[in-house]
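Student: From the sequence below, what's the structure:
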Amino acid sequence: MKALVALILLVQLPIHKAVPATPPALLGCDDPESEAAAEAAVSYINGHSHHGYKFALNRIENVRVLPQGPNNEIIFLELDLLETTCHILSPTPLKNCTVRSFIEHAVEGDCDVKLQRLDGKFSVLASKCHSHADSSEDIIQLCPDCPLLARLNNTEVLETVTAALNDHNSKTPGAYLKLLEIGRAKIQYSPAHIVVVEFAVAATNCSAEEAKDNAEACQLLPDDQSNFGFCTASRVIIPSKDLKVDCQLYGHQVPTPAIPFLSRVFQPTSVSAGLVPGVVQGFTNHNLRLSHNNPVASDSLSSELSSSLLSVKPVVKRAVAEVAQRDKVPHPVGFVSPPLLCPGKVRHFKI
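Tutor: So this is what the prediction gives:
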């Protein structure tokens with residue numbers, strides 16, 4: 001009898017249907033929220049890069065939002081970046097940095113970034129980037145006489161950097177400068193043979209006069225006194241020997257606590273010995289080899305970057321394909337098709 005009563009009560013209980021999971025939100029690549037997330041991502045990328053130049057946003061390729069709860073969402077971004085003229089050591093704000101033009105042999109960066117937006121505040125959980133220079137063929141087609149990027153360990157490049165640094169140290173009173181890294185180099189062969197270089201330097205605890213006796217003994221200034229700088233130089237090899245050098249020191253910068261101080265990242269380099277940082281051996285540009293998990297993010301969230309990006313990309317592409325397919329269907333006169341969600345606008349130029 002008790003069993004029968006229990007069965008009757010069970011039948012009378014309301015049936016709760018499973019609540020479907022919240023579907024991923026579609027967000028346009030040019031929406032204000034996407035642009036705000038991209039700005040946070042680019043700032044994070046530049047803040048955690050220790051070689052080469054700062055990068056600026058060129059285009060948001062893809063964006064995907066996964067709701068996590070009230071005022072909490074995970075955002076995945078695919079970004080196209082372009083190299084600027086500001087070295088990573090430069091204190092110049094990114095908004096004041098000039099993107100290198102196409103004919104300057106531009107360098108493009110590609111980044112996948114995972115962020116969390118909690119109560120309106122963005123934090124980067126993980127990022128993965130790489131960069132590459134535009135092809136020489138593209139530059140030559142548009143500007144046949146423009147100089148092209150040269151390998152950073154090219155003999156003429158090393159000779160020019162050595163001559164430029166020696167020239168500056170011999171003519172400038174004050175701190176003796178040491179090379180940190182070669183940033184860029186270009187060689188032009190016609191109508192004149194010219195080598196153009198850019199390189200980062202740091203002040204040492206020696207004066208230029210003291211360094212004449214034993215330059216190898218000169219050490220970089222300690223963190224609380226550090227002074228980095230940047231030099232550009234051009235050397236005419238043919239038809240006449242001519243060297244022009246310009247070096248600017250940035251002054252002491254207070255390091256960001258969360259980022260290792262750059263004097264510990266950069267090591268003084270001896271160009272006279274034919275040495276350049278190992279990351280650039282045989283390459284024309286510093287690769288934006290950034291693969292970083294934010295230590296303050298949870299391990300489970302950070303470790304999902306690669307798999308999550310792979311899983312959401314087809315969904316975004318499918319949504320774009322559906323819009324494109326819909327546009328093929330005949331519509332009444334005056335019908336305006338909604339714009340594609342992604343990719344977004346090109347801010348500078350496309351490589």
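Student: only C-alpha atoms for contact and neighbour calcs from this point on.
Tutor: Fine.
Student: Mind checking what secondary structure the most centrally placed residue in the chain has?
Tutor: The chain has F55 as the residue nearest its centroid, 4.5 Å off, counting by Cα atoms, centre = their mean. Secondary structure, DSSP: H, G, I helix; E, B strand; the rest coil: F55 is strand.
Student: Kindly report the same for the one 3 residues further on.
Tutor: Reducing the assignment at N58 to three states with three-state DSSP gives strand.
Student: Contacts only, for it.
Tutor: L79, D80, L81, L82, V346, R347, H348, F349 (Cα atoms under 8 Å, 6 or more residues apart in numbering).
Student: now G109
Tutor: So G109 contacts F55, D80, L81, L82, E83, C129, H130, S131, H132, L288 (Cα under 8 Å, 6+ apart).
Student: Please list only the buried members of those.
Tutor: F55, D80, L81, L82, E83, C129, S131, H132, L288 (16 or more other Cα atoms under 10 Å).
Student: Name the nearest of these relative to T232.
Tutor: Using Cα to Cα, the shortest approach to T232 within the buried ones among the contacts of G109 belongs to E83, at 16.8 Å.
Student: Please enumerate the strands of the protein.
Tutor: With DSSP state E as the criterion, the chain has strands at 53-69, 72-87, 107-118, 121-133, 148-149, 175-188, 193-207, 228-238, 242-251, 291-293.
Student: and of those, who's closest to E35?
Tutor: Nearest of the strands of the chain to E35, taken as Cα to Cα: strand 53-69 at 8.0 Å.
Student: and the closest one, what's its mean pLDDT?
Tutor: Averaged over strand 53-69, pLDDT sits at 95.
Student: Of the buried ones among the contacts of G109, which is the nearest to V65?
Tutor: Of all the buried ones among the contacts of G109, V65 sits closest to D80, with 18.5 Å by Cα to Cα.
Student: so what's that closest one up against?
Tutor: L57, N58, R59, I60, E61, E108, G109, D110, C111.
Student: again, only this time at 6 Å
Tutor: Counting by Cα atoms under 6 Å, 6 or more residues apart in numbering, D80 makes contact with N58, R59, G109, D110.
Student: tell me the domain ranges of this structure?
Tutor: For the chain, the TED database gives the domain ranges 32-138, 153-264+274-279.
Student: now for the first one, what's the gap between its first and last residues?
Tutor: The one in question is domain 32-138. End-to-end distance for domain 32-138: 33 Å, by Cα to Cα, to the nearest Å.
Student: swap in stretch 187-197?
Tutor: With Cα to Cα applied, stretch 187-197 spans 9 Å between its terminal residues.
Student: Check which residues of it are buried.
Tutor: In stretch 187-197, counting by 16+ other Cα under 10 Å, buried: I187, Q188, H193, I194, V195, V196, V197.
Student: and what of stretch 170-190?
Tutor: Using 16+ other Cα under 10 Å as the test for burial, stretch 170-190 gives 175-188.
Student: and which of the residues you listed is nearest Q248?
Tutor: Nearest member of the buried residues of stretch 170-190 to Q248, counting by Cα to Cα, is L177, at 10.8 Å.
Student: Just list whatever residues bridge to that closest one.
Tutor: When assigned by DSSP bridges, L177 has beta-bridge partners A203.
Student: pLDDT value on P191, please?
Tutor: With respect to pLDDT, P191 scores 85.
Student: That one: what's it in contact with?
Tutor: P191 makes contact with no residue, according to Cα under 6 Å, 6+ apart.
Student: try 10 Å this time
Tutor: P191 makes contacts with D145, I238, P239, as judged by Cα atoms under 10 Å, 6 or more residues apart in numbering.
Student: Per-residue pLDDT of H286, please?
Tutor: At H286, the model reports a pLDDT of 84.
Student: Tell me which two of the buried residues of stretch 187-197 sit farthest apart.
Tutor: H193 and V197 (13.5 Å).
Student: Which neighbours do the two have in common?
Tutor: I187, R235.
Student: what about L57, neighbour count?
Tutor: By other Cα atoms under 10 Å, the residues close to L57 number 22.
Student: whoops, I mixed them up, E33
Tutor: By the measure other Cα under 10 Å, the count of residues near E33 is 14.
Student: For it, give its distance to A40.
Tutor: To A40, E33 is 11 Å away according to Cα to Cα.
Student: Next: A211.
Tutor: In terms of Cα to Cα, A211 sits 43 Å off from A40.
Student: Neighbour count: those two, which is higher?
Tutor: The neighbour count for A211 versus A40, taken as other Cα under 10 Å, is higher for A211 (19 against 16).
Student: pretty sure that one contacts N205?
Tutor: Yes: assessed by Cα atoms under 10 Å, A211 is found in contact with N205 at 9.5 Å.
Student: any common contacting residues for these two?
Tutor: A175, Y176, L177, A217, C218.
Student: just curious, which of the contacts of D80 is nearest to S170?
Tutor: G109 (37.7 Å).
Student: pLDDT at the closest one, what is it?
Tutor: Here the pLDDT value assigned to G109 is 95.
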